[in-house]
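Enquirer: A predicted structure for the sequence below; I have some questions about it.
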Amino acid sequence: MVEETRPLGPLRAATTGEQVAHRLSTAIALGEFSLGDRLPSERELAALLQVSRESVRAALRLLADAGLVEVRRGRGGGAFVRAEWAETSENAVRQTLLAQWEDFEALFDYRRLIESLIARTAAQRADDADRTAIRAALTAFEASGTPGEARRHDTELHLAVARAAHNTRLVRLHQLLLSEVSLGVSEEPYTWEIYEEARPHHRALAEAVIGGDQQHAARIAVEHFAITEKALRRLAARVDPR
């Protein structure tokens, strides 16, 4: 069954708040959210992870008890990241990553293959509107002032490249792979270190697609999408250094 082999598909309705907390703890440790960031709302998290709001609420209580988030009430409230790592984080990473590591290895390989195909096809098919969208997204990414902005503009840039392939199935597949590798949050992890590593890749990818260089676009895509893979490997090694 496909559901059984996908490393991080939607959480099942029967999933406990503890399992949701494991996923969110791992996402925080990975860099999906930065210190001070507001997590998506309960409604948004329930939709992203396909669980009930009650399960999300229980997970946020666990994260608050662990010291990972602070829950604020009232206007402007929500759950805000207050720490990247806690005593509970090692177990969360073990449950979320290491228990399914073989499937993650397959996901990394699959993503490299698909994203290189998307980039190659985009370089072949991009029209003037696509080139304009890619340039705008690249400019926004390079002007990012926070990791959160970098995450958002990264998503916009890669979506613009995927759309330039002019195949809606490839766009959906790009979004699905992003959701899986990002632990269901649907944004790449971004620290400033990752941002600086991604900057030259983004410019090279955009220029290759805009310039119609199919071979170079495919090669850069393989190199670029390995950044998130390396971040996941570093996190896994933090709890299992073998």
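Expert: It's in.
Enquirer: Would you mind stating the distance between residue 90 and residue 143?
Expert: Here residue 90 is placed at a distance of 36 Å from residue 143 (CB to CB, to the nearest Å). Quick note: C-beta positions are derived from backbone N, CA and C, even for glycine.
Enquirer: who has more neighbours, the two?
Expert: Counted by other CB atoms under 10 Å, residue 90 and residue 143 do not tie: residue 90 has more neighbours, with 15 against 10.
Enquirer: tell me which element that one falls in.
Expert: Element membership of residue 90 [criterion: DSSP states H and E] is helix 89-96.
Enquirer: same thing with residue 36?
Expert: Judged by DSSP H and E, residue 36 forms part of no helix or strand.
Enquirer: and it, what does it touch?
Expert: Listed by CB atoms under 8 Å, 6 or more residues apart in numbering, the contact partners of residue 36 are 80, 81, 82.
Enquirer: Could you verify that residue 80 is part of a strand?
Expert: Yes: the assignment for residue 80 by DSSP: H, G, I helix; E, B strand; the rest coil puts it in a strand.
Enquirer: That one is in contact with residue 64, isn't it?
Expert: No: the pair residue 80 / residue 64 is not scored as a contact, 10.1 Å apart, by CB atoms under 8 Å.
Enquirer: Overlap in contacts, those two.
Expert: 70, 71.
Enquirer: can you list contacts of the helix holding residue 90?
Expert: 8, 19, 21-23, 25-26, 28-29, 66, 68, 183, 235-236, 238-240.
Enquirer: make it 7 Å
Expert: For helix 89-96, contacts defined as CB atoms under 7 Å, 6 or more residues apart in numbering pick out 21, 22, 23, 25, 26, 29, 183, 235, 236, 239.
Enquirer: helix or strand for the third one, which one?
Expert: Taking DSSP H and E as the criterion, residue 23 maps to helix 17-30.
Enquirer: Identify each buried residue in that helix, please.
Expert: For helix 17-30, a neighbour-count test (16 or more other CB atoms under 10 Å) marks 17, 19-30 as buried.
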